[in-house]
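# Take a look and give me a structure for this.
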Amino acid sequence: MADSAQGSKKSKAKFHAYPAWAPRFWHGMRVGGLLRLLNRNRWAIALIRVPMVCLLFFITPFNDLLYFWQRIRFGRRIRESKLIAPPLFVVGHWRSGTTLLHELLSLDERWASPNTYQCFAPWHFLVSEWSMTHFGNFLMPEKRPMDNMKAGWLLPQEDEFAMMNLGCDSPYLRMAFPKRGPVFQELLDTSSISNQQWQPFAEKFLWFLKTLTVKYSKPLILKSPTHTGRIGRFHDMFPESVFIHISRDPRKLFPSTVRLWESLDTVQGLQMPVSEDQYEALVLDSFKRMYEGYFAHRDRIPAKQLIEIRYEDLVANPVEQVEQLYQRLGWDGFDKMRPKLESRMQQDKDYQVNRHLLSSEQEAKVRGVCERYMQLYRYGS
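Numbers count the residues shown, from 1 in each chain. Coordinates of the predicted model:
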C-alpha cells in the first residue's frame with residue numbers, strides 16, 4: 001500500500017497509547033477456553049504480550065465464578081426462554097457500514113441489540129453488567145482502535161465476539177495469534193461445512209439469544225460481518241428472520257479492512273502483527289469465502305426478507321435510507337425515530353473517514369476477486 005510504512009508506524013504508536021488495562025477480546029473467556037486457545041497455538045506468545053496473558057489468568061477465573069452464579073440465578077429462565085420474534089440480521093463485509101446501520105436501527109427502543117459488555121462477557125452479563133457499566137467505564141477507551149468511531153460498554157456490538165468467548169470456533173480467533181495464520185475460515189461460508197461442525201455454534205448462538213431475551217424481553221437486531229456467508233443456516237434456524245445486507249465499493253473496503261486487521265492485531269494480539277502482504281491475502285480470501293456463501297443462498301430467501309442497500313446511499317442520506325427500510329419492512333413508528341436519527345447525525349457531523357490509496361496492482365487483485373459483487377452492486381467504473 002502507498003502509505004503502508006506510515007500506517008505501520010501509526011499502528012505501533014496506537015498500541016502503546018492503548019491503555020494496558022483496557023478490555024481485550026479474550027477477557028471474556030473462561031479458564032478452559034483460554035487454555036484451549038493457548039494450547040492450540042503452542043503458547044507462542046510474544047515477550048511483550050506476557051503481561052497481557054498474566055492479566056488474562058487473573059481475570060478468567062472470575063468469569064467461571066460469575067457464570068456459575070448466573071446459572072444458579074437464571075439457568076432455568078434461560079432454558080425456558082422463547083425469542084419474542086425472529087431476529088433481524090445486519091450483514092455485509094467489514095468496513096461496509098454495518099456498524100453504522102446497526103447503531104441507527106438500534107435507536108428504535110422496540111428492539112434490543114447485544115452491547116459491547118454483553119459480547120465481552122456472554123457467560124455472566126445478567127449478574128455482572130450493572131456493576132461493570134456503572135463503575136468500569138474508565139476501562140473502555142473513547143474511540144475504537146481501527147477508526148474514529150465512539151466506543152463504549154453499552155453500544156451495540158458484534159455477537160461474533162460473544163460466540164468466540166463462549167468457546168465456539170471463529171475466524172476471529174486468528175487475532176490472538178496472527179503469525180499462526182487464518183483459522184476457521186470455512187465458517188465464513190457455512191454452506192461448505194457439515195451439520196456436525198455447525199451444531200455447536202448453533203446451540204451456543206441460541207443460548208446467547210435466549211439470555212439476551214431474559215435481559216430485554218424484546219426482539220433482537222444482530223450484526224456481524226461473519227454472518228454474511230451464514231444467511232442460509234440462519235434462515236433454516238429462523239425461517240421468518242429478515243436480513244439487511246449493506247454493500248460498499250470493494251476498492252474502499254480492501255484497504256480499510258487491511259487497516260482494521262492490523263489495528264486489531266496490534267491492540268488485541270498475543271503476538272505482533274504480520275506483514276502487509278499477509279493482511280491483503282487474508283482480506284481477499286475472506287471476501288471470496290463469505291460471498292460464495294452469501295450468493296449461494298441469497299436467492300432462496302424470500303425477497304421480502306432480504307433487503308440490500310449501499311453504504312454510499314446510507315451515508316449520503318441516513319434518515320431517508322432508514323425511512324425506506326421501515327417502509328420495506330412494514331414497520332410503523334418512523335415519526336418517533338426521525339428526531340433520534342437527526343440527533344445522531346448531528347453528533348457525527350465531524351466524523352472523518354480514513355482515506356487509503358490503492359496501487360494499480362492491488363486494484364487488479366480486488367477486481368479479480370470481487371467481480372460479481374462489483375457488477376451486482378454497481379461498482380464497475
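# Please make it C-alpha for all contacts and neighbour counts, starting now.
Will do.
# how many neighbours does the closest residue in space to residue 24 that isn't next to it in sequence have?
Take residue 24 and drop its neighbours on the chain: the residue closest to it by C-alpha to C-alpha, 6 or more residues apart in numbering is residue 268, 5.7 Å away. The number of residues packed near residue 268 is 23, by other C-alpha atoms under 10 Å.
# Now the residue nearest to the spatial centre of the chain: closest residue in space, sequence neighbours ignored.
The chain has residue 158 as the residue nearest its centroid, 3.4 Å off, counting by C-alpha atoms, centre = their mean. Take residue 158 and drop its neighbours on the chain: the residue closest to it by C-alpha to C-alpha, 6+ apart is residue 224, 4.9 Å away.
# In contact with that neighbour: list those residues for me.
Each residue near residue 224 by C-alpha atoms under 8 Å, 6 or more residues apart in numbering is listed here: 90-92, 98, 158-160.
# Just the ones of those residues in helices?
If you go by DSSP state H, the contacts of residue 224 have 98, 159-160 in helices.
# can you tell me how far residue 208 sits from residue 217?
Separation of residue 208 from residue 217 (C-alpha to C-alpha, to the nearest Å): 13 Å.
# Looking at the two, which one has more neighbours?
Between residue 208 and residue 217, counting by other C-alpha under 10 Å, residue 208 is the more crowded of the two (22 against 18).
# returning to that earlier point: tabulate the contacts of residue 224 (JSON lines), appending distance to residue 317.
What follows is the contacts of residue 224, written out as JSON lines (distance: C-alpha to C-alpha, whole Å):
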{"residue": "90", "distance to residue 317": "18"}
{"residue": "91", "distance to residue 317": "20"}
{"residue": "92", "distance to residue 317": "19"}
{"residue": "98", "distance to residue 317": "15"}
{"residue": "158", "distance to residue 317": "24"}
{"residue": "159", "distance to residue 317": "27"}
{"residue": "160", "distance to residue 317": "29"}
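# Can you tell me which of those is closest to residue 194?
Among these, residue 160 lies closest to residue 194 (C-alpha to C-alpha), at 19.6 Å.
# Hmm, residue 174 and the residue nearest to residue 24 touching each other?
No: contact status for residue 268 versus residue 174: not in contact, 10.5 Å apart, counting by C-alpha atoms under 8 Å.
# which residues of the stretch 201-350 of the chain score low on pLDDT?
Flagging of the stretch 201-350 of the chain using pLDDT under 70 yields the residue ranges 349-350.
# let's go with 50 and repeat that
Residue ranges of the stretch 201-350 of the chain with pLDDT under 50: none are present.
# all helices of it, in order?
Assigned by DSSP state H, counting those that start in this stretch, the helices in the stretch 201-350 of the chain fall at 231-237, 250-268, 276-298, 311-316, 318-329, 334-347.
# now swap in the stretch 51-200 of the chain and tell me
Using DSSP H, counting those that start in this stretch, the helices of the stretch 51-200 of the chain run over 98-105, 116-120, 125-135, 159-165, 195-216.
# Mind giving me the packing neighbours of the shortest one?
The reference is to helix 116-120. helix 125-135, helix 159-165 (3 or more C-alpha pairs under 8 Å, 6 or more residues apart in numbering; DSSP states H and E).
# Just name the most buried of those.
helix 159-165 (a mean of 24; mean count of other C-alpha atoms under 10 Å).
# Give me the distance between that helix and the centre of its chain.
With C-alpha atoms, centre = their mean, to the nearest Å as the basis, helix 159-165 stands 8 Å off its chain's centre.
# ok so, going back, ramachandran angles for the residue nearest to residue 158?
phi -160, psi 130 (degrees, to the nearest 10).
# quick one: contacts for the closest residue to residue 284 other than its chain neighbours?
Leaving aside its sequence neighbours, residue 284 sits nearest to residue 369 (C-alpha to C-alpha, 6+ apart; 6.8 Å). Residues near residue 369 by C-alpha under 8 Å, 6+ apart: 284, 287-288.
# From residue 182, how far off is residue 369?
18 Å.
# Could you check the pLDDT of the residue nearest to residue 33 when sequence neighbours are not counted?
Once flanking residues are discounted, residue 33 sits nearest to residue 167: 5.7 Å by C-alpha to C-alpha, 6+ apart. Residue 167 is assigned 96 on the pLDDT scale.
# how about residue 261, what does it touch?
175, 279.
# try residue 312
So residue 312 contacts residue 248 (C-alpha under 8 Å, 6+ apart).
# residue ranges of the strands in the stretch 51-200 of the chain, please?
Assignment of strands within the stretch 51-200 of the chain using DSSP state E, counting those that start in this stretch yields the ranges 88-91.
# Just the mean pLDDT for stretch 72-85, thanks.
Throughout stretch 72-85, pLDDT has a mean value of 98.
# Please identify the buried residues of it?
Buried residues in stretch 72-85, counting neighbours by 16 or more other C-alpha atoms under 10 Å, are found at 74, 78, 81, 83.
# before we move on, what about stretch 189-201?
For stretch 189-201, by 16+ other C-alpha under 10 Å, it's 189-191, 198, 201.
# of all those, which comes closest to residue 262?
Relative to residue 262, the closest of the buried residues of stretch 189-201 is residue 189; by C-alpha to C-alpha it sits at 23.1 Å.
# For the closest one, give me its contacts.
By C-alpha under 8 Å, 6+ apart, the contact set of residue 189 is 229-230, 289-294.
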